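Colleague: My questions are about this predicted structure, shown below with the sequence.
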Amino acid sequence: MHARDWFLVFIAVFVPPVAVWFKRGLGSKDFWINLLLFLLGFFPGLIHALYIISCHPYSEEGRIRVPDTEAGNAGDANEGYGTMA
């Protein structure tokens, strides 16, 4: 797990809906389910928050990497991915 997820686990121990809100957003179904579970009891909300954090881990793969297209480096950006050079 990433350090951001461990921070959310720390928050979830005290206020589970806040951790789910940071992870999934205020308008998500997960947040409202967690809020309902939290109002019914602390431990159901905590278990659900830990489940949400573990099912949706933080990843840096979603970031877009712009290839270097300067003169002389344009061919290097496409090497190894679907090319036969």
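Modeller: Yep, that arrived.
Colleague: just for this structure, where's the confidence low?
Modeller: 61-85 (pLDDT under 70).
Colleague: show me where it has strands.
Modeller: Here the chain has no strands by DSSP state E.
Colleague: What separation do you get for the closest residue to Val13 other than its chain neighbours and Phe7?
Modeller: Using C-beta to C-beta, 6 or more residues apart in numbering and skipping the chain neighbours, the partner closest in space to Val13 is Leu46 (7.1 Å). Where you see a C-beta, it was placed from the backbone N, CA and C, and this is true even at glycine. Here Leu46 is placed at a distance of 16 Å from Phe7 (C-beta to C-beta, to the nearest Å).
Colleague: of those two, who's got more company?
Modeller: Neighbour totals were compared for Leu46 and Phe7, and Leu46 leads with 20 against 14 (other C-beta atoms under 10 Å).
Colleague: Isn't that one up against Ile11?
Modeller: No: applying C-beta atoms under 8 Å, one finds Leu46 not in contact with Ile11, separated by 11.0 Å.
Colleague: Now for the residue most central in space within the chain: which residues touch it?
Modeller: In the chain, the residue lying closest to the centroid (C-alpha atoms, centre = their mean) is Tyr58, at 3.3 Å. The contact partners of Tyr58, by C-beta atoms under 8 Å, 6 or more residues apart in numbering, come to 1-2, 4-5.
Colleague: Give me the nearest residue to it, chain neighbours excluded.
Modeller: Nearest to Tyr58 is His2, by C-beta to C-beta, 6+ apart, at 4.1 Å.
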